[in-house]
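Peer 1: structure of the sequence below:
(2 chains)
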Amino acid sequence: MSRPTLEIKDLHVSIEGSEIIKGLSLTVKGGEVHALMGPNGSGKSTLANTLMGHPRYDVEDGQVLLDGEDILEMEPDERAKRGLFLAFQYPVEIPGVTVANFLRAAYNALHGDEKPLSVLEFHQLLQQHMKELEMDEEFAGRYLNEGFSGGEKKRHEILQMALLKPRIAIMDETDSGLDIDALKIVADGVNRQRSDELGVLVITHYSRILEYLKPDYVHIMMDGRIVRSGGPELAKELEEKGYDWLREEINA
Amino acid sequence: MTTQTKLDQDYVVELSARKDEPAWMKERRLAAWRKFQELPVPHYERTRLRDSHYDKFIPYVETPAADSWEQLPEELRRAVGDPEGRLIVVQRNSEVVYQQLPADLPEGVIVTDLDTAAREHPDLVEKYFMNRNFPSGDNKTVALNAALHSGGLFVYVPEDVRVKTPVEFIVWIDEAGVGVFDHSIVVAEPRSRVRLVEMALSPEDLGKAYRYGVLDVFTGEGASATLSNVQALGENVQNLVVRRTEPGQRSRIDWVSAEFGGALSVNEIDSQITGVASEVRGLGVFFASGKQHLDLELMMIQDARETGTDILVRGVVKDEGRAVYAPYTRMRHDAKDSTGFQRGNTLVLDPTARAYSIPQLHVEEDEVQGAGHAATVGKVDEDHLYYLRSRGLTELEAKKLIVDGFFNTVLDHIPIKSVRQHVINLIERKMSA
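Peer 2: Okay, the predicted model is just below:
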């Protein structure tokens, strides 16, 4: 199986007439963890949801190639089937649908053909992953995201990632609203999945998670564009000096 | 194709004679016939009925009895499933053609067709057949049914007896043009317990047919009765049904209705609550698709203290289907310390479908313990669809999951497992169509 590749080429995205992403380019390969940092309003969530195919965003220009295939015309489920995964910042609550039923439906949609599992086998696989994420057994019987704490919602997103085994995973501010313990569990969960067959794009405002989920590359996004790229030390520099420092540097 | 019978008073007399009925039964049929002539069509706010809804049927069709389960039509047997150990009465078109009762039915319990009951237990039937005043549920549909009734179920449960097995009454309609007039009576004496599951079914491809059904339920003090119905008739069948009850003191009635079939279906359920500390619950699910028009009319009139009513209904409309959800709760001056609640939600899957939500809650007593209602009509949430699709589910698969989740809240409350499973299967069929 070849290394997965996500190539974003000069992407321009607007919503209701306002341009939010103004020419963004970025490549993520299997085996790499990229951090994308930026202040509020820089377009981080817009990018995440455009990549996943949310109908509300208008792509004005550019390409997004997943393993060489342009996915911008594809529906979200087609992108998921090609190995794209998004850990949502605000996972929705869907009443009456249990976690177990939802996960089984998702697993079958993505892997049911090449690796079908019996109900029992799936149950065992699910329990195993839940244990690794320190989630209670009865969690699987709860209704999707209904009454979940922030930490539970985020851990549930990582649980999906572990179960569905994507090729490219985008994490949209998965660290927001988490205390240090929950953060570690989430970071460990992602670290366990690191391999040449997974490329990860971690979108975050703060560098805290990057202590535990060490990135190979760090990019800083401002005003809809990537303004600086570097190694992990760039995150430290940003933490020390703040976004304003970078803004001044760019405008100079 | 049977020749058009002339429908008049003579026909009613002749029908009664054919059934060899006691005099009081003939008299009540005739009284009902006269009423049928006088009454206007029932008024439902979003379902316009006309005289033409009451005059197109063949009033009676000869139907052979079935000596064994295997002699019943295959499609019917498949829909009902394995009959082993169950209590089943089957009405096919105009007559009850099959009954199977378990050997361990408690003594004194009567389950049979209404004609047989009128012959073998005349005192009982005379006491309960069309012998009570139901001011709201006394309309043209009831009058026609009472005049022309044939088939129907009679259930009697003596004091302190609990019938464990659900009584399953199948109304199978498979003759095009027939009018089906099942009149059923359930009597639960004080502190007894009984559960009825009525299933109205027909072959998928049946042409037009017309059902006018009535169910009257009587509960003595402290008794409890669960009356469920699953309506999955063919797309060309007209189904008008009225169900009525006046629960005794401290008794408990659970209505459970699942409406999925028919071209036009009105299920009117009237509870006249005069028994102190009695409780009536109304649970409903419906799914209108194609060009169906489904109407669920639930009326709760509370006229006694410490009574409780609770309505919970959820439904889906798609294609050009139309559904009416019309709960009516009235807590009158005598309903001190009572509660009355309604919750109804409809999901609209297509812009061409229509959902009419007409809740009414009238509280005329100052000292009620609680009353409230909430009703919503809405589309599938776009963000919910997006989230599910981002996990690889197609749009249809995502909608199915959402619809399943939507109905789950009500399904969790359905007390009879077989009913729950039927409803789940019907939902699955509707989503895949």
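Peer 1: next one: residue A:103 from residue B:391, what distance?
Peer 2: Residue A:103 is 9 Å from residue B:391, where distance means Cβ to Cβ, to the nearest Å. In short, each C-beta sits where N, CA and C put it, glycine included.
Peer 1: overlap in contacts of the two?
Peer 2: Common neighbours of residue A:103 and residue B:391, using Cβ atoms under 8 Å, 6 or more residues apart in numbering or on different chains, are residue A:160.
Peer 1: near chain B, which residues of the stretch 151-252 of chain A are found?
Peer 2: A:160, A:164 (Cβ under 8 Å from any Cβ of the partner chain).
Peer 1: if we go to 10 Å?
Peer 2: Those residues of the stretch 151-252 of chain A that sit near chain B, judged by Cβ under 10 Å from any Cβ of the partner chain, are A:160, A:163, A:164, A:166.
Peer 1: among those, which pair sits farthest apart?
Peer 2: Put simply, by Cβ to Cβ the two of these set farthest apart are A:163 and A:166, 10.0 Å from each other.
Peer 1: in the stretch 1-150 of chain B, which segments are predicted with low confidence?
Peer 2: Scanning the stretch 1-150 of chain B for pLDDT under 70 picks out B:1-4.
Peer 1: tell me the secondary structure at residue 242.
Peer 2: In the absence of a named chain, this looks at chain A. helix (DSSP: H, G, I helix; E, B strand; the rest coil).
Peer 1: what's around it, how many residues?
Peer 2: 11 (other Cβ atoms under 10 Å in any protein chain shown).
Peer 1: where does it land on pLDDT?
Peer 2: If you check residue A:242, the pLDDT there is 87.
Peer 1: that one and residue A:39 touch, don't they?
Peer 2: Yes - Residue A:242 is within contact range of residue A:39, at 9.3 Å (criterion: Cβ atoms under 10 Å).
Peer 1: which positions in the helix or strand bottoming out on mean pLDDT in chain A come out as buried?
Peer 2: Ranked by mean pLDDT, DSSP states H and E, the helix or strand of chain A with the weakest confidence is helix A:233-251, at a mean of 86. The neighbour-count check on helix A:233-251 (16 or more other Cβ atoms under 10 Å in any protein chain shown) flags A:234, A:235, A:237, A:238, A:243, A:246 as buried.
Peer 1: again, but for stretch B:420-433
Peer 2: Across stretch B:420-433, burial judged by 16+ other Cβ under 10 Å covers B:420, B:422, B:423, B:426, B:427, B:430, B:431.
Peer 1: make sure the fifth one is indeed in a strand.
Peer 2: No - read with three-state DSSP, residue B:427 is helix and lies in no strand.
Peer 1: which ones are touching it?
Peer 2: Contact partners of residue B:427, counting by Cβ atoms under 10 Å, 6 or more residues apart in numbering or on different chains, are B:258, B:260, B:285, B:287, B:316, B:400, B:403, B:404, B:406, B:407, B:411.
Peer 1: at 8 Å what do you get?
Peer 2: So residue B:427 contacts B:287, B:403, B:404, B:407 (Cβ under 8 Å, 6+ apart).
Peer 1: isn't the second one right up against residue B:347?
Peer 2: Yes - at 6.8 Å, residue B:403 counts as touching residue B:347 under the criterion of Cβ atoms under 8 Å.
Peer 1: overlap of the contact sets of those two?
Peer 2: The contact lists of residue B:403 and residue B:347 share residue B:316, where a contact means Cβ under 8 Å, 6+ apart.
Peer 1: what about residue A:200, distance to chain B?
Peer 2: 16 Å (Cβ to the nearest Cβ, to the nearest Å).
Peer 1: how many neighbours does that residue have?
Peer 2: By other Cβ under 10 Å, 26 other residues sit near residue A:200.
Peer 1: likewise the one 3 residues further on?
Peer 2: When neighbours are defined as other Cβ under 10 Å, residue A:203 has 25 of them.
Peer 1: touching the helix or strand harbouring it from outside, list them.
Peer 2: Assigned by DSSP states H and E, residue A:203 falls within strand A:199-204. Here strand A:199-204 makes contact (Cβ under 8 Å, 6+ apart) with A:3-6, A:26, A:28-37, A:44-45, A:47-48, A:167-176, A:190, A:194, A:209-210, A:213, A:215.
Peer 1: so which of those are in strands?
Peer 2: A:5-6, A:26, A:28-29, A:33-37, A:168-172 (DSSP state E).
Peer 1: of these, just say which sits nearest to residue B:104.
Peer 2: Residue B:104 lies nearest to residue A:169 out of those, by Cβ to Cβ, at 59.7 Å.
Peer 1: check contacts around that closest one.
Peer 2: Neighbours of residue A:169 in contact, by Cβ under 8 Å, 6+ apart: A:85, A:86, A:87, A:161, A:190, A:193, A:198, A:199, A:200, A:201.
Peer 1: what's across from the closest residue to residue A:217 other than its chain neighbours in the sheet?
Peer 2: The spatially closest residue to residue A:217, leaving aside those adjacent along the chain, is residue A:34, at 4.7 Å (Cβ to Cβ, 6 or more residues apart in numbering or on different chains). Following DSSP bridges, residue A:34 is listed with bridge partners residue A:201, residue A:217.
Peer 1: pretty sure residue A:34 is touching residue A:26, no?
Peer 2: Yes - contact criterion Cβ under 8 Å: residue A:34 and residue A:26 qualify, at 7.1 Å.
Peer 1: what's the overlap in contacts for these two?
Peer 2: Counting by Cβ under 8 Å, 6+ apart, the contacts common to residue A:34 and residue A:26 are A:201, A:219.
Peer 1: residue contacts, the residue of chain B found nearest chain A?
Peer 2: The nearest approach of chain B to chain A comes at residue B:405, 3.0 Å away (Cβ to the nearest Cβ). Residues counted as contacts of residue B:405 (Cβ under 8 Å, 6+ apart) are A:94, A:95, A:96, A:97, A:143, A:144.
Peer 1: switch the cut-off to 10 Å
Peer 2: Residue B:405 neighbours (Cβ under 10 Å, 6+ apart): A:94, A:95, A:96, A:97, A:98, A:101, A:102, A:143, A:144, A:146, B:384.
Peer 1: likewise for residue B:29?
Peer 2: B:9, B:12-13, B:15-16, B:19, B:21, B:129-130, B:146-149.
Peer 1: what's the ChimeraX syntax to select whichever of those are buried?
Peer 2: Only the buried entries of the contacts of residue B:29 go into this ChimeraX selection, using 16+ other Cβ under 10 Å:
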select /B:12,15,16,19,21,129,130,146,147,148,149
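Peer 1: ok, of the contacts of residue B:29, which one's closest to residue B:109?
Peer 2: When the contacts of residue B:29 are compared for distance to residue B:109 (Cβ to Cβ), residue B:129 comes out closest, at 18.8 Å.
Peer 1: hmm, that closest one is touching residue B:149, no?
Peer 2: Yes - if you go by Cβ under 10 Å, residue B:129 and residue B:149 touch, sitting 8.9 Å apart.
Peer 1: overlap in contacts of those two?
Peer 2: When Cβ under 10 Å, 6+ apart defines a contact, the residues bordering residue B:129 and residue B:149 alike are B:25, B:28, B:29, B:114, B:183.
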